[in-house]
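Colleague: Give me the fold of what follows.
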Amino acid sequence: MIEEAEEDLLENKMTQEKISIISTLVNLLLAVFKLIIGLTVHSMALIADAIHSGMDVFSPFIAFLGIKTAKKPVDEKHPYGYYRAETLAGFVIAFIIALSGIAITYKGINQFFKPQAVIFTFWAIGLMIVSCLVNEGMARLKFYYGRKYESISLVADAEHSRVDVVSSLGVLLGLILIKYFIYADAIVAILIGLYIIWESIKLGKEITDSLLDVSNKDIENRIRKICSVHKIEISELKTRKIGAFNFSEIKIKLPPKLKVEDVQKITGILEERLLKNIPELKQIVISIEAYQMARTVILPKFGEKIGKLEGFEQIGPKKLGERIIIPLKKDEVSDRFGAVQYLVIDIKEGKILTRETLKNPYFEGDSPHGARFAKAIRTDKVFLYQIGENAKQNLENFGIEVEIIPPEKKLEDIIEEIKTSEQ
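Modeller: Predicted coordinates:
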């Protein structure tokens with residue numbers, strides 16, 4: 001599993017690098033053609049867009065460097081890895097976007113007060129149409145893989161490509177209107193510049209949040225939900241985002257009477273379960289806060305009963321061996337796990353020490369609460385005809401084994417098989 005995860009991560013980074021390289025080459029070609037035609041037709045808007053595309057050559061290259069650096073392994077000097085390199089790359093890209101927006105706005109203002117005749121040509125219009133299509137294609141490609149791999153630098157570069165689309169559309173509009181309005185070219189250049197500045201501010205805010213270790217409320221809620229399911233109380237929870245990954249620090253409450261090996265087992269299983277169910281988490285630090293607890297701690301099998309503390313919700317006779325329960329309906333095995341009554345059997349070394357039919361005190365019509373009964377009776381194993389997947393998973397999470405038996409088997413046959421298997 002670990003090797004597969006490492007291979008997937010390597011493949012993801014290679015894909016991002018390839019996209020960044022392709023984007024660099026595409027923007028370089030567009031910048032050259034825009035500059036040549038812009039100088040030819042004397043269009044300030046087209047020259048500004050060429051400068052913008054020229055600066056775009058640097059942003060994919062910076063994204064490439066950020067992605068490449070971020071995948072470097074953890075070392076002694078960088079125990080949290082190099083993941084923030086992607087965030088820094090995104091910040092540099094946002095800064096470049098802002099500079100290009102300021103430069104284009106400045107050039108547009110100069111063009112407005114000192115208008116020059118712009119030559120109308122279908123070559124320029126055709127180039128801008130191609131530029132719009134190419135940049136939109138690159139933007140969608142970067143957004144797709146950037147969000148898929150949670151790459152901040154690639155998403156930043158995608159925003160840059162989307163800005164290029166708007167910029168090219170504005171230039172295209174200006175080239176069409178220039179025949180009828182001499183200030184069209186300058187106004188378009190100014191509007192493009194202001195739009196680019198605005199986009200750089202929004203992108204910069206998102207990247208700054210990442211640099212300042214902003215928390216991830218969605219992941220925090222998912223951590224709390226998983227811990228709640230497994231009866232683990234959280235006293236403090238922090239998350240922070242570093243690059244494309246999330247880190248979490250959790251403080252949980254455990255009874256002070258637990259042995260060190262039990263605590264290690266609990267934290268180890270909790271860490272494994274959280275990392276498995278929340279792929280966005282890269283690392284978890286779990287600390288312990290001891291306290292007196294008036295309930296037995298039941299954890300995922302996560303699920304072995306740890307300690308013998310007073311006050312846990314317990315029903316039924318004293319447990320004398322491995323405890324097995326069978327749901328009943330009129331003295332026969334019920335076809336449902338949640339039942340009005342259960343046969344409770346304690347068996348040890350092939351001898352039945354307890355055989356007693358108990359009523360389910362939690363049964364409430366549509367809510368039979370079979371799992372609650374199984375936990376309160378301190379069950380080790382359940383024999384039944386059928387059970388829903390969620391109920392089965394719930395029992396197994398608490399260390400209760402579930403055995404499905406053929407529907408043709410009668411109750412006494414099942415009991416004989418239990419005795420035989422335990423001998």
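Colleague: Ramachandran coordinates for residue 355?
Modeller: phi -140, psi 110 (degrees, to the nearest 10).
Colleague: element containing the nearest residue to it once chain neighbours are set aside?
Modeller: Nearest residue to residue 355 in three dimensions, chain neighbours excluded: residue 345, at 5.4 Å (Cβ to Cβ, 6 or more residues apart in numbering). Any C-beta I mention is one placed from the backbone N, CA and C, and that applies to glycine too. Assigned by DSSP states H and E, residue 345 falls within strand 341-348.
Colleague: For that strand, which strands pair with it and how are they oriented?
Modeller: Paired neighbours of strand 341-348 in the sheet (DSSP bridges): strand 322-329 (antiparallel), strand 351-359 (antiparallel).
Colleague: tell me which residues in the longest one are buried?
Modeller: Spelled out, it's strand 351-359. Residues of strand 351-359 classed as buried by neighbour count (16 or more other Cβ atoms under 10 Å): 352, 354, 358.
Colleague: ditto for stretch 26-41
Modeller: By 16+ other Cβ under 10 Å, the buried positions in stretch 26-41 come out as 26, 27, 30, 31, 33, 34, 35, 37, 38, 41.
Colleague: what would those residues look like in JSON lines with pLDDT?
Modeller: What follows is those, written out as JSON lines (pLDDT from 0 to 100):
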{"residue": "26", "pLDDT": "81"}
{"residue": "27", "pLDDT": "77"}
{"residue": "30", "pLDDT": "81"}
{"residue": "31", "pLDDT": "81"}
{"residue": "33", "pLDDT": "84"}
{"residue": "34", "pLDDT": "82"}
{"residue": "35", "pLDDT": "83"}
{"residue": "37", "pLDDT": "81"}
{"residue": "38", "pLDDT": "78"}
{"residue": "41", "pLDDT": "74"}
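Colleague: Let me have those residues in CSV, adding distance to residue 47 and secondary structure as columns.
Modeller: Shown next, in CSV, are the buried residues of stretch 26-41 (distance: Cβ to Cβ, whole Å; DSSP: H, G, I helix; E, B strand; the rest coil):
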residue, distance to residue 47, secondary structure
26, 19, helix
27, 16, helix
30, 13, helix
31, 11, helix
33, 12, helix
34, 8, helix
35, 7, helix
37, 9, helix
38, 4, helix
41, 10, helix
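Colleague: Make JSON lines out of these and add distance to residue 159.
Modeller: What follows is these, written out as JSON lines (distance: Cβ to Cβ, whole Å):
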{"residue": "26", "distance to residue 159": "16"}
{"residue": "27", "distance to residue 159": "14"}
{"residue": "30", "distance to residue 159": "17"}
{"residue": "31", "distance to residue 159": "18"}
{"residue": "33", "distance to residue 159": "23"}
{"residue": "34", "distance to residue 159": "20"}
{"residue": "35", "distance to residue 159": "23"}
{"residue": "37", "distance to residue 159": "26"}
{"residue": "38", "distance to residue 159": "24"}
{"residue": "41", "distance to residue 159": "29"}
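Colleague: what's the farthest-apart pair in those residues?
Modeller: Farthest-apart pair in the buried residues of stretch 26-41 is 26 and 41; separation 22.5 Å (Cβ to Cβ).
Colleague: Helices of the stretch 151-300 of the chain, residue ranges please.
Modeller: 152-177, 184-211, 217-229, 260-277 (DSSP state H, counting those that start in this stretch).
Colleague: With respect to residue 144, which of the buried residues of strand 351-359 is nearest?
Modeller: Distances from residue 144 to these, taken by Cβ to Cβ, are shortest for residue 358, at 57.2 Å.
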